[in-house]
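Sequence plus the predicted model coming up.
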Amino acid sequence: MVQYSQNRFDASFGALSDATRRGVLEQLGRADASISALAERFHMTLTGMKKHVGVLEQAGLVTTEKVGRVRTCRLGLRGLQEEAAWIEMYRQIWSARFDELDNVVQELTRKERVDGRRKKK
Amino acid sequence: MGEERKNEATPMKNVTTVERKSERELLVTRTVNGPARLVFEVWTKAELFRKWWVPKSYGLTLLSCEMDVRVGGQYRLVFRHEDSTMEFFGTYLEVTPNSRLVWTNDEGDNGKTITTVTFEENAGKTLLVVHDLYPSKEAIDSGSTGAMPETLDQLDELLASLGSSTES
């Protein structure tokens, strides 16, 4: 596997394993927001939200910029692409597999129907 | 005979979703058109299982597939990949007909992965949930996910191309 990205995977997946942080990403996907606005939106203390944003920032999922007294957060897309690609690849494996499974099940269903008719005759 | 309708409403392609539940868990869900009884059968009879587990597009050959589906029973899949062969094997931990299957993947060096599949029937269709619990987050990230080498190669290429375009 690609070694250089391993640490980033760990950080990103760790960051994504929390519902609030996923919510923050979703929110930032719509518009940039200050930490205090995010804290309010997620019914959380400023300190609590700062921690979440810190985790996201470390994973490269979010960038922040302080202007005056306000720290604005925005999506740092750089990190997300790889995780999305990894999950997408895994999904494709299973999707292809299940498509074939669907075919096998349908074949069985048809066969049962035909056999059922034969028995009735 | 010959009365089978060819075009019984082509079913919509079902969606497969993947979710990383935690550092060590992956969850795959998919609805399959058919009753749980049949879906369970294709997971537990070797001659049916081998028809779908390795999609044709992988270009891998499944040399043998042995499955002794009962608690404590073993399975062993042997593939040919280019000039070498690979084996996947493990033990069934739980077998509940038409509803639940649990097995281990023992081929890895770093502990066992435990896979749980549940079959839930609803209106003639079956919701499949595949839950993989990896021995460590390293195991999950290193891609020892029972995935096929070609696919992992593809993944490497994709990641490499993403890396080079974003790693500036």
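Right, received. Where do you want to start?

Any part of the longest helix anywhere in chain A near chain B?
Longest helix in chain A by number of residues, with DSSP state H as the criterion: helix A:77-120. Yes - with Cβ under 8 Å from any Cβ of the partner chain as the measure, helix A:77-120 is seen reaching chain B through A:78, A:81-82, A:85-87, A:89-106, A:108-110, A:112-114. C-beta: built from backbone N, CA, C; applies to glycine.

Quick one: buried ones out of these?
Among these, those classed as buried by 16 or more other Cβ atoms under 10 Å in any protein chain shown are A:82, A:86-87, A:89-102, A:104-106, A:108.

Now B:L93. Nearest residue, chain neighbours left out?
Of all residues not flanking B:L93 in the chain, B:V102 sits nearest, at 4.3 Å (Cβ to Cβ, 6 or more residues apart in numbering or on different chains).

ugh, wrong one, A:E65
Nearest one to A:E65, counting by Cβ to Cβ, 6+ apart, is A:T72 at 5.4 Å.

Next one: the one you found from chain B, what distance?
Applying Cβ to the nearest Cβ, to the nearest Å, the value for A:T72 to chain B is 22 Å.

Can you name the residues bridging to that residue?
Counting by DSSP bridges, A:T72 forms beta bridges with A:S34, A:E65.

go on, B:E66?
B:R76.

Report the contact partners of it.
For B:E66, the contacting residues are B:46, B:74-77, by Cβ atoms under 8 Å, 6 or more residues apart in numbering or on different chains.

And the pLDDT at it?
On the pLDDT scale, B:E66 is placed at 95.

Mark which of the contacts of B:E66 are buried, thanks.
Using 16+ other Cβ under 10 Å, the buried ones in those are B:46, B:74-75, B:77.

Most widely separated two among those residues?
Within these, B:A46 and B:Q74 form the most distant pair, 12.0 Å apart (Cβ to Cβ).

re earlier: any idea which of the buried ones among the contacts of B:E66 the model trusts least?
B:L77 (90).

packing partners for the helix or strand containing A:M49?
Assigned by DSSP states H and E, A:M49 belongs to helix A:46-58. Applying 3 or more Cβ pairs under 8 Å, 6 or more residues apart in numbering or on different chains; DSSP states H and E, we find helix A:46-58 packed against helix A:6-16, helix A:19-30, helix A:35-41, strand A:62-67.
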